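Chemist: Coordinates for the following, if possible.
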Amino acid sequence: MSSPPLPRRRSSARGGAPPACPTPNGVTVARVPAPGQYGGTRADAAAWRRPPVEPATSEACRFLCAGVHLDSNYRAAVFDELYVHEERFTAPSFGIDAARVLAHALHARRLELAWGLGVLLFWIVSSLLTEGLFLLLALPCLLLTAAPALRRRAGETPQASAARASLGTAVRWYGRIMLAIVLVVLAELATGSADGAISGALTWLPGVEALHSLTESDTDVYGSGVEVSDTLQRHAWLSLGLFLLPLPLAVGLRRGQFARLMRGPLSAERFPNVAADPAELTLGNRAERSKHVIRREQHAPLIMYHTENPFRGAGGAIEPWTLAVELRPRKDRTPEPVDNGTILDTIHRLVGDLQIPSAKYAAPDDATGVRDRLRELHIDECVFLPADGIPARYGAPYDPAEFEGHRVAAVEEGGETRRHFLRIRVGGWEEELVTTVFVRVHTQGGMLMLEIAPHVLLPVDRRFREADRLAYEYAHANAFGKIFWALVHTPWTAGQCVVTLGRHLKSVKELSASGHRRALPDGPAVSVRERGSDPDVSLFQEMDVMRYLRSIQDRVADGVKVSLYEAGWQTAEFEQKVVNVRGGVYVDSANNSAFAFGAHSTVTTHNTRGTSGSTGANHGSS
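Modeler: Have a look, this model is predicted:
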């Protein structure tokens, strides 16, 4: 799959004099840049450009780092993808630093493990001190922990989802009722006389029968009442005290720990200081190795992909489409051969001009108040390579010279597995809403093929974005509010510590016995950024995405027109107007040319010179 390094293709889109370029058939064609009809040239746009937000310090990265502390499932997914499966390449991380998210995931796991071991030790010691009476609280606590897990799963039918929700509700209420009865029974035992409550509870409540065996030797029945021994009374008092005082205190301290983290290292003021992040300073050797590998791969122009989802990491596909144009010479001149690189250079320059504000601002310094995210538009070239066939992960051609060889060869070859794209990205809303347009051009057999694959990364999960609010509410809550919250969440501690320890034992087994590091390389299975996204967007965000897409797609189409016109091919007669319609794209006034757009799209041509309209369908792929 590797190819020898080739000389760098200099582009007029990057400034400087337009060089001569050998075309595939050996004819040398001078590249003539198009006039700056959009208010400037690519060199001018560089002065107006505002650099995008640093991925490691973006708000999106900060919220994802908070998310691994908030959501154990998300934390487990990050740990499994970036730490356990060392054979998998890292998915592109647009607007975030996945290595920093992993560092906080490992930090959160250490805190979680310490918490789980502490809670388990607390339950063991409390059970020993009360001669097993404290364990009566374990069953309802485990039921309350299991109830939230009975939620709808992906791919379930509505009937199965409704049944699961009903079962979860039943388990939750059963656990609440059982916990209430156990607390009442313990309270009556602590007062010295249960007055028949024990036998009444045991007659209908499964799971509390064990109380009879624990108390029968310490009780004496007198008529309808029950006389409780001093030992059982002390154990009941101790059980209630341990469950209602130290355990809620530990729960409250854990919540306070998260609040201090959000008001400290993960605050908006301190998060940009990566060097002072405690999660970065406490990594082990394996984590350090993973961090360096991730940072080498996540923002590289080389994308090692999994065949099932080549664009993993870029978000969801938004109306990908393909355009096919037959190349016809103009009558006023002899056409020159046109190659893919020439067209991409022109597209690069015209799209780059979107960084320039309106003509009202005569100089870049006059536009300091223009905060449009198009000023942070980023354009680069990327090459997709399949992960299959590479002997080891470290053998991927990330070296600049090796990548350059792949890039130059892939521009003109039009291959299937190795593909070259011009990648145009706009990170809006502090990199929370990332719009990426992949553009591929190919000329073959007198036809020009233009492929455009827009993708959108949705905003970060709403729960993660609420992390600052949760920390603020805790810091400003009164004592009663903090105590009430801790008491309500205390019953979940028993089940949580069991789940935590079980998850850690599974990961230890996975790390020690799997041998993923020595496995054959594979493409990414999970994108940290995609996994932490919210399915909903606001109307403002949707409007921004459509504006970015329309602007970029129009400039891409203009870039193709300018390139073909300069090379002597017909373009003036098919001034096209591309409008999104249901199921495809409508092209207006496309004379003497045939087009095909999108999935299941209908193509209509309005010709004026002796050719009839045509229709066709084309399936785009993401």
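Chemist: I'd like to know which elements the lengthiest helix in the chain is packed against.
Modeler: Criterion DSSP state H: the longest helix present in the chain is helix 158-191. If you count contacts as 3 or more C-beta pairs under 8 Å, 6 or more residues apart in numbering; DSSP states H and E, helix 158-191 packs onto helix 138-146, helix 197-204, helix 210-215, helix 230-244. Yep, even glycine has a C-beta here, placed from its N, CA and C like the rest.
Chemist: So the residue nearest to residue 316 when sequence neighbours are not counted versus residue 546, what's the distance?
Modeler: Using C-beta to C-beta, 6 or more residues apart in numbering and skipping residues adjacent in sequence, the residue nearest residue 316 is residue 456, 5.9 Å away. Counting by C-beta to C-beta, to the nearest Å, the gap from residue 456 to residue 546 is 10 Å.
Chemist: I'd guessed residue 498 sits against residue 142; true?
Modeler: Yes - applying C-beta atoms under 8 Å as the test, residue 498 and residue 142 come out as touching, 7.2 Å apart.
Chemist: any idea how far residue 432 lies from residue 96?
Modeler: Taking C-beta to C-beta, one finds residue 432 at 10 Å from residue 96.
Chemist: between the two, what contacts are shared?
Modeler: residue 60 (C-beta atoms under 8 Å, 6 or more residues apart in numbering).
Chemist: The two: which is more packed in?
Modeler: residue 96 (31 against 22; other C-beta atoms under 10 Å).
Chemist: Which residue, other than its chain neighbours, is closest to the more buried one?
Modeler: Nearest non-adjacent residue to residue 96 (C-beta to C-beta, 6+ apart): residue 61, at 4.1 Å.
Chemist: Tell me how many other residues crowd that neighbour.
Modeler: Residue 61, neighbours per other C-beta under 10 Å, totals 28.
Chemist: Please apply the same query to residue 388.
Modeler: 15.
Chemist: show me what contacts it?
Modeler: residue 307 are the contacts of residue 388 under C-beta under 8 Å, 6+ apart.
Chemist: in a helix, that's where residue 348 is, yeah?
Modeler: Yes - under DSSP: H, G, I helix; E, B strand; the rest coil, residue 348 sits within a helix.
Chemist: May I ask which helix or strand of the protein has the lowest mean pLDDT?
Modeler: strand 28-30 (a mean of 33; mean pLDDT, DSSP states H and E).
Chemist: pLDDT value on residue 302, please?
Modeler: As summarised for this prediction, residue 302 has a pLDDT of 93.
Chemist: separation between it and residue 59?
Modeler: 27 Å.
Chemist: low-scoring pLDDT stretches of the stretch 151-300 of the chain, where are they?
Modeler: Low-confidence segments of the stretch 151-300 of the chain (pLDDT under 70): 151-156, 193-228.
Chemist: What of the stretch 401-550 of the chain?
Modeler: 514-515.
Chemist: What segments of it are strands?
Modeler: 419-428, 433-444, 447-457 (DSSP state E, counting those that start in this stretch).
Chemist: These: which one's closest to residue 274?
Modeler: Closest approach to residue 274 among the strands of the stretch 401-550 of the chain (C-beta to C-beta): strand 419-428, 18.5 Å.
Chemist: My guess is residue 150 contacts residue 165. True?
Modeler: Yes - if you go by C-beta under 8 Å, residue 150 and residue 165 touch, sitting 7.4 Å apart.
Chemist: Quick check, residue 504 in contact with residue 109.
Modeler: Yes - when contacts are counted by C-beta under 8 Å, residue 504 is listed as touching residue 109 (7.5 Å).
Chemist: Looking at these two, which is more packed in?
Modeler: residue 109 (22 against 15).
Chemist: Secondary structure element for the more buried one, which one?
Modeler: Per DSSP states H and E: residue 109 is located in helix 98-129.
Chemist: And what about residue 389, helix, strand or coil?
Modeler: Residue 389 ends up coil, using three-state DSSP.
Chemist: What average pLDDT does stretch 102-110 get?
Modeler: 94.
Chemist: from now on call the first residue 19
Modeler: Done: numbering now begins at 19, and the last item shifts to stretch 120-128.
Chemist: buried residues in that stretch?
Modeler: Neighbour-count burial for stretch 120-128 flags 120-127 (criterion: 16 or more other C-beta atoms under 10 Å).
Chemist: could those residues go into JSON lines alongside distance to residue 413?
Modeler: Converted to JSON lines, those look like this (distance: C-beta to C-beta, whole Å):
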{"residue": "120", "distance to residue 413": "23"}
{"residue": "121", "distance to residue 413": "26"}
{"residue": "122", "distance to residue 413": "30"}
{"residue": "123", "distance to residue 413": "27"}
{"residue": "124", "distance to residue 413": "27"}
{"residue": "125", "distance to residue 413": "31"}
{"residue": "126", "distance to residue 413": "33"}
{"residue": "127", "distance to residue 413": "30"}
